[in-house]
Structure formats: structure tokens, C-alpha cells
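**Q** Starting from these lines, generate the structure:
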Amino acid sequence: MEWVILGVVVVLILAWLVLTYNGLVTSRNRTQEAWSEIDVELKRRHDLIPNLVNTVQGYMGHERGTLEAVTNARANAVAAGATGDPQKIGQAENMLSQSLRSLFAVSENYPELKAISAFTNLQENLTATEDKLEFSRRFYNGNVRDYNTKLQTLPTSLIAGVLGFKPFGFFQADEGDRAVPQVSFSTTPSAGQSSSLPPAAGQSGPPPAGSAGPPPQS
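**A** Numbers count the residues shown, from 1 in each chain. Below you'll find the model as predicted:
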């Protein structure tokens with residue numbers, strides 16, 4: 001009788017281990033899949049920015065510092081993406097959002113850009129990308145929260161580390177940097193402003209952006 005009871009206990013423990021392991025694997029895979037959606041939107045955002053700079057630089061020749069800030073911020077964001085660290089990626093992407101906000105704020109002084117379809121299309125695409133990125137960020141962080149909670153609660157926490165499961169980092173974003181601001185063309189050209197516009201620089205395909213890849217489990 002004692003052997004029967006012991007056998008039942010062993011079977012129950014093994015069943016719990018299998019169910020717990022499978023549940024953690026499912027949760028981990030779901031979190032990694034959520035990160036891949038962020039990765040796609042970040043790459044799309046990085047690919048749009050070179051064309052944006054090429055489009056506006058012919059009309060904003062005196063704003064070289066602003067354009068360089070956007071270009072440098074993009075390069076830093078791509079480099080951060082290669083690390084796969086959500087914290088570093090979040091910080092770099094926040095700086096990129098700030099530089100884009102500055103660029104669009106300065107563009108208000110150039111109402112002639114409103115007539116450039118390439119500029120308006122890029123602005124709309126960037127805004128749509130930011131919206132998708134915010135949704136993906138929330139979805140990813142929700143999965144990270146659920147997954148990390150499983151790792152930290154009993155009795156799963158007793159075996160999660162032994163089985164090789166580690167927590168994921170959250171992908172943070174500053175409240176003020178989550179969306180590319182809309183461009184307002186309320187300003188009008190001054191009386192002395194010439195109506196002759198230099199041609200926009202030729203647009204070339206953007207260099208391939210580095211993929212952030214799945215975030216490491218820290």
C-alpha cells in the first residue's frame with residue numbers, strides 16, 4: 001500500500017513538472033514572438049528615416065545640426081538594436097524620437113514642405129509606425145509581466161532557475177517620446193521669402209538596419 005501511495009506521489013510530481021515546464025516554454029516563446037513584432041516596427045522606422053532626411057535637406061539647408069542629430073540618433077538606435085538589450089534599445093529609441101520631434105518642429109518653419117508628397121507620405125508612415133510600435137510595446141511588456149510573474153511565484157520559482165528559465169527585461173519608453181508629433185503648417189512665408197525652391201535631394205534606398213533580435217534573458 002505504501003508503494004502505491006509513493007508511486008502516485010511520484011507520478012503527480014512528474015506531471016506537475018511536465019505541465020510547469022511546458023507552460024514556461026509556451027510563455028517564453030510567446031514573449032519572444034511579441035519582441036519580434038517590436039523588432040519589425042523598429043527596422044521599418046529605421047528604414048524610413050534616411051529617406052526623410054534626404055527629402056527635407058534640400059529645403060532645410062540651414063538646419064544641418066538638426067538633420068545630423070536625427071542621422072546620429074538613428075545610427076545609435078541601430079547599434080543598440082544589435083545588442084538585443086531592451087533597456088539599451090529603449091533608451092536609444094527614445095533619443096531617436098526626441099530628434100524626430102525636433103526635426104518636425106523645425107519643419108513648421110518651412111510650409112513649402114506641405115506641397116511635397118514625399119515628405120507628407122513619410123510623416124504619415126512614421127506616425128503609423130509609431131502607433132504600431134506602441135501597441136507592440138504594450139503587448140510585449142504584458143507578456144513579460146506574465147512570464148516574469150510565473151518565474152517569481154511559488155512553487156514555480158523553486159524549479160524555474162534549475163530548468164534554465166530567466167526573466168526578460170521590459171521595453172520602456174518615455175511618455176513624451178511615444179509618437180512622432182504631427183506637423184502643423186500654420187506658419188506662412190514672410191513677405192521677403194522667395195518662392196523659388198531648391199530641388200530636394202534625390203532619394204536613395206535606406207541602408208539595411210540591424211535587427212535587434214530576441215531580447216536576452218537577464
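
**Q** State the phi and psi torsions of the most centrally placed residue in the chain.
**A** For the chain, the residue nearest the mean C-alpha position is Leu42 (4.5 Å; Cα atoms, centre = their mean). When read as degrees, to the nearest 10, the backbone of Leu42 gives phi -70, psi -40.

**Q** wait, it sits on Leu96?
**A** No - using Cβ atoms under 8 Å, Leu42 is not in contact with Leu96; the gap is 9.4 Å. Using the backbone N, CA and C atoms, a C-beta is placed for each residue, glycine as well.

**Q** hey, what's in contact with both of the two?
**A** Common contacts of Leu42 and Leu96, defined by Cβ atoms under 8 Å, 6 or more residues apart in numbering, comprise Ala77.

**Q** With Glu2 as the reference, measure out to the residue nearest to the centre of the chain.
**A** Look at Leu42 and Glu2: by Cβ to Cβ, to the nearest Å, they are 60 Å apart.

**Q** can you check Thr129 too?
**A** Distance check for Thr129 against Glu2: by Cβ to Cβ, it reads 65 Å.

**Q** Those two: which is more packed in?
**A** A count of neighbours by other Cβ atoms under 10 Å puts Thr129 above the other of Thr129 and Glu2, at 21 against 6.

**Q** Once you drop chain neighbours, what's closest to the more buried one?
**A** Leaving out its chain neighbours, the residue that sits closest to Thr129 by Cβ to Cβ, 6 or more residues apart in numbering is Arg45, at 4.9 Å.

**Q** what does Asn141 give?
**A** Nearest residue to Asn141 in three dimensions, chain neighbours excluded: Phe170, at 5.2 Å (Cβ to Cβ, 6+ apart).

**Q** That neighbour in helix, strand or coil?
**A** Secondary structure, DSSP: H, G, I helix; E, B strand; the rest coil: Phe170 is coil.

**Q** I figured Tyr140 was touching Asp39, is that so?
**A** No - at 9.9 Å, Tyr140 and Asp39 do not qualify as touching, with contact defined as Cβ under 8 Å.

**Q** of these two, who's got more company?
**A** Shown here are Tyr140 and Asp39; by other Cβ under 10 Å, Tyr140 has more neighbours (25 against 21).

**Q** What about Asn29, how many residues nearby?
**A** Asn29 has 12 neighbouring residues, counting by other Cβ under 10 Å.

**Q** Find the helix or strand that it is a member of.
**A** Using DSSP states H and E, Asn29 sits in helix 2-56.

**Q** Tell me the helix or strand right after that helix.
**A** Assigned by DSSP H and E, the successor of helix 2-56 is helix 64-83.
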